[in-house]
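Q: A predicted structure for the sequence below; I have some questions about it.
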Amino acid sequence: MFRPMPLLVGAALALVALGGYDVLRGAPEPVAPLPAAAAPVPIELTASLAPIGEVVTSSGATLYRFDKDTAKPAKSNCAGQCATTWPPVLAVDGAPKLTGIEPALVGITVRADGTRQLTLAGWPLYRYTGDTSPGQTSGEGVGGSWHAVGPLGKPAVAAGKSAKRSSQSVGASDPSGSAGAEGSGQGAVPAPAPQPAPAPDPESSDSGGGYGY
């Protein structure tokens, strides 16, 4: 009795071996190559002017620090729902792009979930979901513990007030006494001639910094 099935199976296997020809669908369609993975975009940290003072922004979003965190050692104490409201600024491969910020102040801390978070002067950095447009600082002072961060890692409002007091103090003082002398009509006592500054010691000069990243 004639049995054609083994012959058909053998022919199909031969066609597969010769090139993978599909008996039912014809020749296989070429498969498009997978696209190359895009390079990670570096994080941007920029010193920007805001109504509350000089703040650090990332792609226009104001960044914040949390008083319940620690800087030495750098450690985040914002997790769970806190991290949902205040998303941590996570590090990507490569150094961040900095504008108006000292590279040596920028670092990384590892969070409890294993992700890496950017720090500034040791303080972990966050965004605020309540800021809905670039430049907003509505997270300033929330809960008495959240503050827009300045370029040196200090709260921007406190740093701005300190700088303003220092400027007013310098403007109010007149160490030469020239104003009093002019007002009294008497000649001002000439100030001593400035002495030339000593030459810097090459061995004690700063060797430069680098990313704390």
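A: Right, received. Where do you want to start? Numbers count the residues shown, from 1 in each chain.

Q: what about V41, is that helix, strand or coil?
A: coil (DSSP: H, G, I helix; E, B strand; the rest coil).

Q: Quick check: it touching V92?
A: Yes: between V41 and V92 a contact is recorded at 7.1 Å, counting by C-beta atoms under 8 Å. C-beta: built from backbone N, CA, C; applies to glycine.

Q: more neighbours, these two?
A: Neighbour count, other C-beta atoms under 10 Å: between V41 and V92, V92 has more, with 13 against 10.

Q: so the more buried one sits right up against I43, yeah?
A: Yes: V92 lies in contact with I43 (C-beta under 8 Å); the separation is 6.0 Å.

Q: low pLDDT regions in the protein?
A: Scanning the chain for pLDDT under 70 picks out 1-32, 34-40, 164, 166-213.

Q: how does it look with 50?
A: Residue ranges of the chain with pLDDT under 50: 16, 18, 20-21, 23, 177-188, 200-210.

Q: in the protein, which spans are strands?
A: Using DSSP state E, the strands of the chain run over residues 44-50, 53-58, 61-62, 64-66, 70-71, 74-75, 97-99, 106-110, 116-120, 123-124, 146-148.

Q: Of these, which is nearest A159?
A: Set against A159 and scored by C-beta to C-beta, the strands of the chain come closest in strand 53-58, at 6.4 Å.

Q: That closest one pairs with which strands, parallel or anti?
A: Take DSSP bridges as the rule and strand 53-58 pairs in its sheet with strand 44-50 (antiparallel), strand 61-62 (antiparallel).

Q: Against T137, how distant is G130?
A: 10 Å (C-beta to C-beta, to the nearest Å).
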